[in-house]
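Trainee: Build me a structure from this.
(chains A, B and C)
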Amino acid sequence: MVNKNKIDRRCFLKWSAALGGGLAVSSSLLGCMDKLKEQGIITTEKGFDGFIIRAGCPAHNCGGRCVLKLFVQDNKIIRIETDDRPTDEIDDPQLRACVRGRAYRRRQYHPDRLKYPMKRIGKRGEGKFERISWDEALDILAAQIKRVKEEYGNSAIYIPYGTGSYNQINGRQTAVRLMNLLGGCLGYYNSYSWACISQATPTVFGTNITGNQRQDWLSSKYIIMWGWNPAEMRDGTNSDFLIKKAREKGAKVVCIDPRMSMSAVALADEWIPIRPGTDVALMSAMAHVIISENLHDKEFIDKCCLGFDHSQMPSGMENEESYTDYIFGRKDDVEKTPLWAESITGIPRDNIIRIAREYATNKPSMLYQGYGMQRRAYGEQPVRAGCVLASITGNVGLHGAWASGLGLQAKDGGPFWNAFPVGGNPIRDRIPVFLWTEAVLHGKDMGKEYGVKGVEKLDNDIKLIWAVASNALINQHADVNRTAKILQDESKVEFIAVQDNFLTASGRFADLILPACTQFETWGLEDGWKYGDEVIIMPQILEPPFETKSDYAISSELAERFGLGDEYTEGRTEKEWIEWIVEQYKRTRFPKIPSLDKIKEENTGVFAHQITEPEIAFDAFRKNPRSNPLPTESGKIEIFSKKLFELKDPEVIPAVPKYIQEWESPFGKEAEKYPLQAMGHHYMGRVHSTHANNDWLSELFPQRVFINPLDAEKRNIRNGEKVKVFNDRGSVVLPCRINPKIMPGLVDIPEGAWWEPDEQGNDVGGCVNTLTSHRWTPYAFGNAQHTIMVEIEKYGEVS
Amino acid sequence: MTGSEWTLVFFTLITQMCVGGFILQDIMIHYRHHDDPNILKVKKGILRTLLPLIIIAVILSFFHLGKPVHAIYSLNNLQSSWLSREIMLVSVFAILLISYALIFWRYPESRSLLKIIAILEMITGLFLIYSMSRIYTLSTIPVWNSMATPVEFFTASFLLGGLLLMLVFQRRLFKLEIRELANFSRRISVLYLLLIILLMIDLGNTIYYHYIDYEISRMTAEDTSYIINLTKSILHIASILILIPQFYQFNIKKHFSGVLGFRIIFFLLILAELIGRYGFYASYVSPGF
Amino acid sequence: MKQYAFYFDSNACSGCKACEMACRDKHDLPEDLRWRRVYEIAGGQWSQDNKLSIPELVAYNISLSCNHCEDPACVHACPTSAMQKREDGIVFIDPEKCMGCKYCSWACPYDAPQYDKRTGLMTKCDFCMDYIDQGKEPSCVAACPMRVLDFGELHAMKKRYPDKHVYPLPTEQLTKPAFCISQHAHLKGKENMEFSILNKEEVS
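Mentor: Residues are numbered from 1 along each chain as shown, chains lettered A, B, ... in the order given. Take a look at the predicted model:
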């Protein structure tokens, strides 16, 4: 039999070596474990002579919030398992970690961890740095903040979007809290994930809380996973598992996706490939079938909707185009028939008719919209059209139904995103998050037409960036080559500080690097992502190695340099903040939550509600729409939006949802030069760009260009061969994988790989944003990164 | 194929050559000729060649082990492991060969003892070749799991062994006054003609396996091995074809034209066997790959 | 005799490889050792008809480790008896006896035994027998987010899950694997399609 202790010892030695030998087992380290032991957080288990502690998986921006069972020996995590609570029932299923969490040791003990503060020595973007002390680093950042405040004002300072660390008292919000104490900074709204859907859903329903609690999926008879891929992107721990359970209870599941995603393989009865960017054409044709075959829920529409047909138009707009006018082509002379949609979507008309009938007749049915289709040109339209389909079939406010849209969880919108109080921002200027490069280039010109909120025009261009746990500075923002050029110009952004665990593609553009510790090295807590009724604690398990500090510690020390130390910390340590947050939870979403100490004692890592009677969104409204109106202007479901109508830009912001040909489309002139559409799906081996350098994950999920055999054959491309994917914005060079599970006419470069330009400027890291466009959507000012056309060609020999 | 597999290939080939060589010399050179000093010289020459070869082979076999010290356990599973049996038999074969050589040198007159050892050695050798082939005839690797494997191994043993003897004899062969050696050469040529038949069977087998439906082996068949095996068979046959005029000249015309021909053939056969073994390993594909 | 076996439901396996990673993490396996592998399988093709591209595809995943066969070819082949079968059917390697001859890896049709070039020994899935002995589940089974992996007694499970093995698994006659599967429903009637492994790179 294998001598386990021997292996553990070997592993420990290996990890010591991996950390460059820089981490001796010091008394302070032993202290951390002893403290945990004293607090009773850790238990032991037969056959293992270290300690076991259950904690939240470090929260990045995946949809999962899971529990890890950590085996700690000699102050090293030597094994990672997952939630092992004895019961695993539908009302409170185990929060089993995915492959990313299970591979976490390779991130935690990665030799490339940032070890000490550094300042730039080469040109910006060159990635050359030299080690400095923390004192010097914090002095530099404090002095730069002071200088920019004085020279330009607080609104020239920007803390960009960043989701690398997401656990209440870590990550971006620690910096925001400090900036708010210092007089504020330029704010933003929207996200890279949900820009269009979070703006467009309320145009129909007045709210983003459109989702039933997930256990309710088991009451559904028919589920359309429309561009929704919970199996790969982890849209909530157990979402995929719950769909499996719904299917076992008899629901038919259809997956509409350009890729035969793992959700299509593992969760669906049927896969319907659709040409990207044509979702509204399919939705409109489905509406055509449903209405012309009289399958719509007339009673519900009469009672609850506005703008369905001309009898339902708001007063004064009776002659404007209603939804049925659009569907039957009464104004534009184009009837949105299945035949019309067939040529646009690539889906045979019979299939369109069939799924329309199935969706409308197998009630309660769900049309679950994924978020990929709204990160496209006119991304507002599929969101609204999806909500309309749900509404005209009466799938709103019912058990087993789904109203579409953003789908935040009823009744309260689900988990808190920030329980850590960041304070109010004294600066009122807010930009759409996707337009920050515009605010660097010409912020002072930006007003309403750029989606600026709070002020007429921005007071400043962005002059100082302090990125915390953010790789959106380069990698995850669109059009990397353009962004790189903008950031390289030191006259524009005068100072860039990047605070992270690794030197990411964004970090290379920093003037100052601040090494942050990982989640295992500080306290944290999380309470679900979009769904879930659980609180997962994340005790500090290890001391921060080398010279790393927690985000909270970095901001506290910086606050001291401004004489705001006490105001910043309010006298609380990280753990005390977590205790404080648990108290907040007790007063709000989790009245039954025990104290932090009690949760720790139990060492399950998690406090969970059982959900036996899932909440239903809009159930009160459905029962009595008059006394429970929606928070829309009319109080009804606005199929026709007066608000959008009044923007008077009907070509791109129509008042009823319409199919609009994308600005880069296989039907446009651009397709002559770049005939293939490109997409970048969420890869199983990464959480956006987090874990991109995790060798265990990239070995199981290598970064490849996925291409259909038909497209490969046309270009004489062999499997495994290096290919170049390119358009006018840039080029990516990667090995390809010929894969029939992606539809013809489309290439797929999974998003999140780190940008790595070679000497010719080809990105050999495989960052899909090398190819994406920074053009934003008309209404939400959201990112349309998925709307891109490319060409692909052989680059070299088989790798 | 990794480096350690190559050591295995050389081990196998050399062992086969030794077994074939020993058996052929013993069968074809009668003990009654042992009084002839020329014959004695020839026999000593043979043993001087076989002895280091078998020692090299045994040493080589260790290079393919990840943990050679654990080889002490290698006889633990004689009841079911053909590898275990092979290791036992190769050890016995080597020990008997060494004993035979020592006795031959020290006490060349104890013929009956030598005879007994030789018989034991021949039986051991035959079982050794058989167990070697059984190592490869695994039901889980259908491309290997046929009569072709033992046929190939026995063929290789006698082809290589016979040629090895011809090379050892070469200097003395053209002194035709040793009648026994001439007879020996004649016997070898007959053997080679017989081997041709076996080689044809092997070729047929290669082609047959390429065209049958691998119902049982959809996880293990691969096309490249076909080309390699075909190449091997062609080389085999080519070498025999070169050999035929040599034998004709030698046996019928009683004219010895030199050793170059034998050397070329020996080289070709070794090459064919190496290619063949490469193909053999290339045809092994683990599940689904 | 008791015989432990794995069960795998191909219907809802999302190919997430949490099982494989759990295995790697638990046993501290370097990258070239894969005691559990997840095969991404697809068969069929796209037909182009009247400007429309129509897929006729079947896709599924198979998570495969050592099958702890009832008739284990590796145990028969092993010259040193380092490869052993326990009373409960678990097949494991005694590192104190293994001489690294790799013969077991030839004998196995599933490529389960793998050579560790660092130690010179063969390695393979041991059903997490240390966990089994403690009354716990094997690491891969406990990891599965879709709950499609399970383990139990072979003959009882075979009654519940009698499906025949599918591509790329060889016929069960060879070694009598202790591995029950549920075939993907999409495979019904399409068993004769030509299938291939899409992620060869990750499983070789």
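Trainee: What is the three-state secondary structure of the spatially most central residue of chain A?
Mentor: Note on chain A: the residue nearest the mean C-alpha position is residue A:193, at 4.5 Å, using Cα atoms, centre = their mean. Under DSSP: H, G, I helix; E, B strand; the rest coil, residue A:193 falls in the coil class.
Trainee: tell me the phi and psi of it?
Mentor: In this entry, residue A:193 is assigned phi and psi values of phi -80, psi -50 (degrees, to the nearest 10).
Trainee: Distance check, it against chain C.
Mentor: Distance, residue A:193 to chain C, by Cβ to the nearest Cβ, to the nearest Å: 21 Å. Every C-beta, even on glycine, is put in place using the N, C-alpha and C of the backbone.
Trainee: do the same with residue A:258
Mentor: Taking Cβ to the nearest Cβ, one finds residue A:258 at 11 Å from chain C.
Trainee: same check, this time on residue A:262
Mentor: Taking Cβ to the nearest Cβ, one finds residue A:262 at 4 Å from chain C.
Trainee: can I assume the residue nearest to the centre of chain A is in contact with residue A:61?
Mentor: Yes: using Cβ atoms under 8 Å, residue A:193 is in contact with residue A:61, at 7.4 Å.
Trainee: does the closest residue to residue B:80 other than its chain neighbours count as helix, strand or coil?
Mentor: Of all residues not flanking residue B:80 in the chain, residue C:76 sits nearest, at 4.5 Å (Cβ to Cβ, 6 or more residues apart in numbering or on different chains). Three-state call for residue C:76 (three-state DSSP): helix.
Trainee: wouldn't residue C:76 be in contact with residue B:81 here?
Mentor: Yes: the criterion here is Cβ under 8 Å, and residue C:76 meets it with residue B:81 at 6.6 Å.
Trainee: Bridge partners for residue 45, pull those for me.
Mentor: Because you didn't say which chain, this covers chain A. Beta-bridge pairing of residue A:45 under DSSP bridges involves residue A:48.
Trainee: wait, I meant chain C there
Mentor: Counting by DSSP bridges, residue C:45 is bridged to residue C:56.
Trainee: Tell me how many other residues crowd it.
Mentor: By other Cβ atoms under 10 Å in any protein chain shown, the residues close to residue C:45 number 15.
Trainee: Can you show me the helices along the stretch 101-250 of chain B?
Mentor: B:111-136, B:148-173, B:179-211, B:224-247 (DSSP state H, counting those that start in this stretch).
Trainee: Only the buried residues of the first one, if you could.
Mentor: Within helix B:111-136, the residues that qualify as buried by neighbour count (16 or more other Cβ atoms under 10 Å in any protein chain shown) are B:114, B:117-118, B:121-122, B:124-125, B:127-136.
Trainee: do you know how far residue A:346 is from residue C:58?
Mentor: Distance of residue A:346 to residue C:58, given as Cβ to Cβ, to the nearest Å: 20 Å.
Trainee: Give me the more crowded residue out of those two.
Mentor: Neighbours per residue, other Cβ under 10 Å: of residue A:346 and residue C:58, the larger number sits with residue A:346, 24 against 21.
Trainee: tell me the contacts of that one?
Mentor: Contacts for residue A:346 (Cβ atoms under 8 Å, 6 or more residues apart in numbering or on different chains) come out as A:273, A:274, A:275, A:278, A:743, A:745, C:52, C:53.
Trainee: Surely the fourth one is in contact with residue A:666?
Mentor: Right, residue A:278. No: distance between residue A:278 and residue A:666: 9.3 Å, which falls outside the contact criterion (Cβ under 8 Å).
Trainee: Residues of chain A that sit close to chain B?
Mentor: Counting by Cβ under 8 Å from any Cβ of the partner chain, no position of chain A is adjacent to chain B.
Trainee: Using PDB, write down the CA coordinates of the helix or strand harbouring residue A:515.
Mentor: Secondary structure assignment for residue A:515, by DSSP states H and E: strand A:512-515. Below are the C-alpha coordinates for strand A:512-515, written out as PDB (Å, rounded to 0.1, in the frame of the first residue of the first chain):
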ATOM      1  CA  LEU A 512       3.500  50.400  -9.900                       C
ATOM      2  CA  ILE A 513       2.800  46.700  -9.000                       C
ATOM      3  CA  LEU A 514       1.300  45.900  -5.600                       C
ATOM      4  CA  PRO A 515       1.300  42.200  -4.700                       C
END
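Trainee: List the contacts of the helix or strand that that strand is followed by.
Mentor: Remark: after strand A:512-515, the chain's next helix or strand is strand A:524-526, criterion DSSP H and E. Strand A:524-526 is contacted by residues A:56, A:58-59, A:65, A:166-170, A:415, A:419, A:535-538, A:574, A:578, A:581-582 when judged by Cβ under 8 Å, 6+ apart.
Trainee: helices or strands next to the strand holding residue A:515 in the packing?
Mentor: strand A:118-120, helix A:134-151, strand A:495-500 (3 or more Cβ pairs under 8 Å, 6 or more residues apart in numbering or on different chains; DSSP states H and E).
Trainee: hmm, try it at 10 Å
Mentor: Other helices and strands packing on strand A:512-515, by 3 or more Cβ pairs under 10 Å, 6 or more residues apart in numbering or on different chains; DSSP states H and E, are strand A:118-120, strand A:129-131, helix A:134-151, strand A:464-468, strand A:495-500, helix A:551-561.
Trainee: On the C-terminal side of the fourth one, identify the next helix or strand.
Mentor: Okay, so that is strand A:464-468. helix A:480-488.
Trainee: Output that following helix as CSV, restricted to C-alpha atoms.
Mentor: Extracted C-alpha coordinates of helix A:480-488, given in CSV (Å, rounded to 0.1, in the frame of the first residue of the first chain):
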residue,chain,number,x,y,z
VAL,A,480,-6.5,44.9,-27.0
ASN,A,481,-4.1,46.5,-29.5
ARG,A,482,-6.0,49.7,-29.4
THR,A,483,-6.2,49.7,-25.6
ALA,A,484,-2.5,49.0,-25.4
LYS,A,485,-1.7,52.0,-27.5
ILE,A,486,-3.9,54.2,-25.4
LEU,A,487,-2.3,53.0,-22.2
GLN,A,488,1.2,53.3,-23.6
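Trainee: Now do the buried residues in it.
Mentor: Residues of helix A:480-488 classed as buried by neighbour count (16+ other Cβ under 10 Å): A:480, A:481, A:482, A:483, A:484, A:486, A:487.
Trainee: re the thing from before, need the contact partners of the strand holding residue A:515.
Mentor: Residues outside strand A:512-515 that contact it (Cβ atoms under 10 Å, 6 or more residues apart in numbering or on different chains) are A:113-120, A:129, A:131-132, A:134, A:136-138, A:140-141, A:144, A:466-468, A:495-503, A:507, A:544-549, A:551, A:554, A:558.
Trainee: Using ChimeraX, define a selection of the buried residues within the residues you listed.
Mentor: Buried members of the contacts of strand A:512-515, defined by 16+ other Cβ under 10 Å, are picked up in ChimeraX with:
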select /A:113,114,115,116,117,118,119,120,129,132,134,137,138,140,141,144,466,467,468,495,496,497,498,499,500,501,502,503,507,544,545,547,548,549,551,554,558
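Trainee: Listing request: residues of chain A with sub-threshold pLDDT.
Mentor: A:1-44, A:46-47, A:417, A:797-799 (pLDDT under 70).
Trainee: One more: the stretch 51-200 of chain B?
Mentor: Scanning the stretch 51-200 of chain B for pLDDT under 70 picks out B:170-182.
Trainee: Tell me who's in contact with the residue in it that chain C sits nearest to.
Mentor: For the stretch 51-200 of chain B, the residue closest to chain C is residue B:66, as judged by Cβ to the nearest Cβ, at 2.1 Å. Contact analysis of residue B:66 by Cβ under 10 Å, 6+ apart lists B:4, C:98-102, C:115-122.
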